[in-house]
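> Need coordinates for the below:
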Amino acid sequence: MLSPNEVVKKVAKLVFQGNTCYIDRKTREISTIEITDDESKLTETLEENIEKYIKVLPMPTQVLGFAMKDFLQEVTDQEVRKELINGLKRNNPTRNFLQVVESRYDIQQHWIHFKADQCEEYVKKIFINEYNY
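Numbers count the residues shown, from 1 in each chain. Below you'll find the predicted structure:
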């Protein structure tokens with residue numbers, strides 16, 4: 001059986017990739033539904049017994065937006081920060097932000113690590129809320 005920290009890390013990686021995860025409350029077994037899966041049968045089975053599982057959806061756009069704004073504090077290069085801020089102010093802020101990030105390798109690597117940490121925090125909050133409920 002995985003430790004709670006191992007479960008959080010594994011689920012965070014899966015959520016980072018865009019998967020929906022179901023974690024058995026007792027065994028901590030992780031079931032995932034990938035976007036490309038024929039998810040109907042698996043989803044029906046898991047949803048019928050949802051009280052046995054913690055369901056973790058991919059990080060919502062709003063939470064990702066907050067992470068992008070928080071990331072601005074991490075960027076020390078004023079020129080890059082200005083580009084990111086401008087990208088977030090225009091239409092399609094997520095796309096604009098990611099275009100700036102992807103155009104610079106060092107910022108891209110920093111964003112990937114930052115987003116992974118944010119995914120981990122997102123999963124921890126879900127677990128805390130579920131176990132306190």
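> When you work out contacts or count neighbours from here on, use the C-alpha atoms and nothing else.
OK.
> Give me the mean pLDDT for stretch 69-84.
Averaging pLDDT along stretch 69-84 yields 94.
> Would you mind listing the buried residues in it?
71-72, 75, 80-81, 84 (16 or more other CA atoms under 10 Å).
> Would you mind measuring the gap between the ends of that stretch?
Using CA to CA, to the nearest Å, one end of stretch 69-84 lies 9 Å from the other.
> ok, now stretch 97-112?
First-to-last residue span, stretch 97-112, CA to CA: 13 Å.
> Kindly report the same for stretch 86-105.
By CA to CA, the extent of stretch 86-105 from end to end equals 19 Å.
> So this protein: which segments form each domain?
Here the domain assignment for the chain is 4-58, 61-120, based on automatic domain parsing.
> Need those domains in CSV (columns: distance to Glu130).
Shown next, in CSV, are the domains of the chain (distance: least, CA to CA, whole Å):
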stretch, distance to Glu130
domain 4-58, 7
domain 61-120, 15
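> closest to Ile128 out of these?
Nearest of the domains of the chain to Ile128, taken as CA to CA: domain 4-58 at 10.7 Å.
> What helices and strands are in contact with the strand or helix carrying Phe66?
Secondary structure assignment for Phe66, by DSSP states H and E: helix 61-71. The criterion is 3 or more CA pairs under 8 Å, 6 or more residues apart in numbering; DSSP states H and E, and the helices and strands that helix 61-71 contacts are helix 105-132.
> Mind listing what's buried along the helix it packs on?
Buried positions in helix 105-132, judged by neighbour count with 16+ other CA under 10 Å: 107-108, 111, 114-120, 122-124, 126-127.
> Show me which of those is closest to Thr20.
Val123 (11.5 Å).
> you'd agree that closest one is up against Lys10?
No: using CA atoms under 8 Å, Val123 and Lys10 do not qualify as a contacting pair, with a distance of 9.9 Å.
> Just give the nearest non-adjacent residue to Ile126, would you?
Val56 (7.3 Å; CA to CA, 6 or more residues apart in numbering).
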